[in-house]
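> Here you go, sequence then predicted model.
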Amino acid sequence: MDVLYDASLEAIRWLQANYPQLEAALAFISQLGRFEVFLAVIPLIYWTIDKRLGKHLAYLLALSNVVNAVVKHALRLPRPFWLDGDVGLDEEVQYGLPSNHVQTAAALYPFVAYWVRRTWAWVVAVVGILLMALSRLFLGVHFLQDVAAGALIGLLLLAGYLIWLRYFQEPFRNRILGQRLLFIILLPLFFTVVYLFVRLLIGAPDGDVAWAGHLPAAERQSVEDVTTGLAILFSLGIGFIMEASRIHFVVDGSLLRRVARYLLGIAVTLLLWRGLALIFPDEPLWLAVPLRFLRYFLAGIWVTYYAPAAFIRLRLADASPEPEVTLTISDGNIMRG
């Protein structure tokens with residue numbers, strides 16, 4: 001592993017020394033992988049552009065975040081600037097491998113391209129993944145193996161999700177409401193059990209490693225990241241199922257209605273997400289963790305269920321009497337029917 005670390009550090013130093021003019025652009029690209037960006041963009045898609053695409057991107061993001069947080073904690077591997085502070089052009093608290101930015105890009109960007117079914121979309125997706133990987137490497141926050149693992153896991157998650165859409169989504173949708181909700185509850189519980197088992201299996205971190213000074217913050221961030229992912233996954237599942245059963249809002253409407261819809265929705269989302277963060281305490285951890293879960297759950301259930309209900313009540317959106325169209329995959333093509 002030391003050989004891989006040394007090779008990556010040399011690559012990072014070479015990039016930073018020979019292409020310093022790229023720092024601003026790559027720093028901007030890296031910011032596109034932050035949670036705040038997805039918090040702004042995915043509700044925009046779900047509320048105003050393409051409801052089903054927004055749903056799928058939200059699910060993929062939540063699944064990717066949970067898997068990434070669990071794997072990071074299981075491996076407990078460092079970041080480049082933990083070993084050489086001179087290469088750190090950005091800072092991250094969580095463990096390194098796999099790169100969450102690259103994993104998310106590898107899961108979401110190709111799905112959008114698959115949905116759009118245009119050659120240019122595939123080109124943008126591939127270039128986007130490569131640029132995200134380069135940005136994380138250049139900024140000294142990930143090793144080469146981190147971004148490679150992130151890309152691989154992201155693509156595997158995407159493949160699994162597409163298999164779900166093709167073979168299992170329709171039988172799932174034909175289940176009664178209670179059965180679907182039970183599955184949605186069991187899924188985050190499964191990841192919770194996996195995470196607790198991992199913590200029990202690997203025990204306390206090794207305090208003799210060279211990056212021991214980063215361990216306390218990384219351990220806490222692991223707990224917070226898993227909690228965040230589980231809360232979002234739980235709220236998305238419940239909210240989307242309940243919306244499809246009771247609300248049936250449609251994104252159609254004038255530009256003015258769509259803008260008003262988004263501004264209202266995102267304002268309440270930010271109030272729940274950031275406003276409650278200012279009220280809820282960070283210590284002690286046993287209290288901060290369930291409150292963090294509550295905060296992200298409330299934001300997620302607002303985005304998925306209560307916001308669409310409010311839009312209809314305020315006449316910012318219409319309700320469709322028709323059952324929601326099912327997305328299936330047949331012979332490599334997305335079919336709506």
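That came through, no problem. Numbers count the residues shown, from 1 in each chain.
> Need the mean per-residue confidence for the helix or strand where residue 151 lies.
Per DSSP states H and E, residue 151 falls inside helix 144-163. Regarding helix 144-163, the rounded mean pLDDT is 96.
> And it, what does it pack against?
helix 2-18, helix 51-75, helix 100-116, helix 119-138 (3 or more C-beta pairs under 8 Å, 6 or more residues apart in numbering; DSSP states H and E). Placement of C-beta: from N, CA and C, glycine included.
> who touches that helix?
4, 7-8, 11, 56, 59-60, 63-64, 67-68, 71, 77, 79, 96-107, 110-111, 114, 129, 133, 136-137, 142, 329 (C-beta atoms under 8 Å, 6 or more residues apart in numbering).
> Check stretch 198-207 too.
70, 73, 74, 76, 212, 215, 218, 219.
> Using JSON lines, lay out those residues together with pLDDT, distance to residue 171 and neighbour count.
Below are those laid out as JSON lines (pLDDT from 0 to 100; distance: C-beta to C-beta, whole Å; neighbours: other C-beta atoms under 10 Å):
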{"residue": "70", "pLDDT": "94", "distance to residue 171": "27", "neighbour count": "22"}
{"residue": "73", "pLDDT": "93", "distance to residue 171": "33", "neighbour count": "22"}
{"residue": "74", "pLDDT": "92", "distance to residue 171": "32", "neighbour count": "18"}
{"residue": "76", "pLDDT": "92", "distance to residue 171": "39", "neighbour count": "18"}
{"residue": "212", "pLDDT": "89", "distance to residue 171": "50", "neighbour count": "12"}
{"residue": "215", "pLDDT": "91", "distance to residue 171": "45", "neighbour count": "18"}
{"residue": "218", "pLDDT": "92", "distance to residue 171": "41", "neighbour count": "22"}
{"residue": "219", "pLDDT": "92", "distance to residue 171": "40", "neighbour count": "18"}
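> returning to what we had before: which of the contacts of helix 144-163 are buried, as a PyMOL select command?
A single PyMOL command is used to select the members of the contacts of helix 144-163 judged buried by 16 or more other C-beta atoms under 10 Å:
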select buried, resi 8+56+59+60+63+64+67+68+71+77+79+96+97+98+99+100+101+102+103+104+105+106+107+110+111+114+129+133+136+137+142+329
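> picking that back up, let me know the closest of the contacts of stretch 198-207 to residue 240.
residue 70 (22.6 Å; C-beta to C-beta).
> Check which helices and strands the top helix by length along the chain sits against.
Secondary structure assigned by DSSP state H gives helix 215-242 as the longest helix of the chain. Under the contact definition 3+ C-beta pairs under 8 Å, 6+ apart, helix 215-242 sits against helix 51-75, helix 177-202, helix 285-301.
> lowest-confidence stretch among the ones you listed?
For these, where the average pLDDT is lowest is helix 177-202, sitting at a mean of 88.
> between that helix and helix 51-75, how many degrees?
Put simply, helix 177-202 runs at 20 degrees to helix 51-75, going by axes from the mean of the first three to the mean of the last three C-alpha atoms, to 10 degrees.
> Okay, angle between helix 177-202 and helix 285-301 too, please.
150 degrees.
> Quick check: buried residues in helix 177-202?
For helix 177-202, the neighbour count (16+ other C-beta under 10 Å) marks 180, 181, 184, 187, 188, 191, 192, 195, 198, 199 as buried.
> Dump these to JSON lines, plus distance to residue 270.
Formatted as JSON lines, those follow (distance: C-beta to C-beta, whole Å):
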{"residue": "180", "distance to residue 270": "30"}
{"residue": "181", "distance to residue 270": "28"}
{"residue": "184", "distance to residue 270": "25"}
{"residue": "187", "distance to residue 270": "27"}
{"residue": "188", "distance to residue 270": "24"}
{"residue": "191", "distance to residue 270": "26"}
{"residue": "192", "distance to residue 270": "27"}
{"residue": "195", "distance to residue 270": "28"}
{"residue": "198", "distance to residue 270": "33"}
{"residue": "199", "distance to residue 270": "32"}
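> and those, which two are the farthest apart?
180 and 199 (30.0 Å).
> quick revisit: now the helix holding residue 151 and helix 51-75, what's the angle there?
Relative orientation of helix 144-163 versus helix 51-75 (the same axes, to 10 degrees): 140 degrees.
> can you give me how far helix 144-163 is from the chain middle?
13 Å (C-alpha atoms, centre = their mean, to the nearest Å).
> cool, and stretch 221-237?
On C-alpha atoms, centre = their mean, the centre of stretch 221-237 falls 10 Å from the chain's centre.
> low-scoring stretches of the chain, by residue?
1, 321-337 (pLDDT under 70).
> Point to the residue nearest the middle of it.
In the chain, the centroid-proximal residue (C-alpha atoms, centre = their mean) is residue 61; its distance is 3.0 Å.
> re the thing from before, do you know which of the helices and strands packed on helix 215-242 lies nearest residue 239?
helix 285-301 (4.8 Å).
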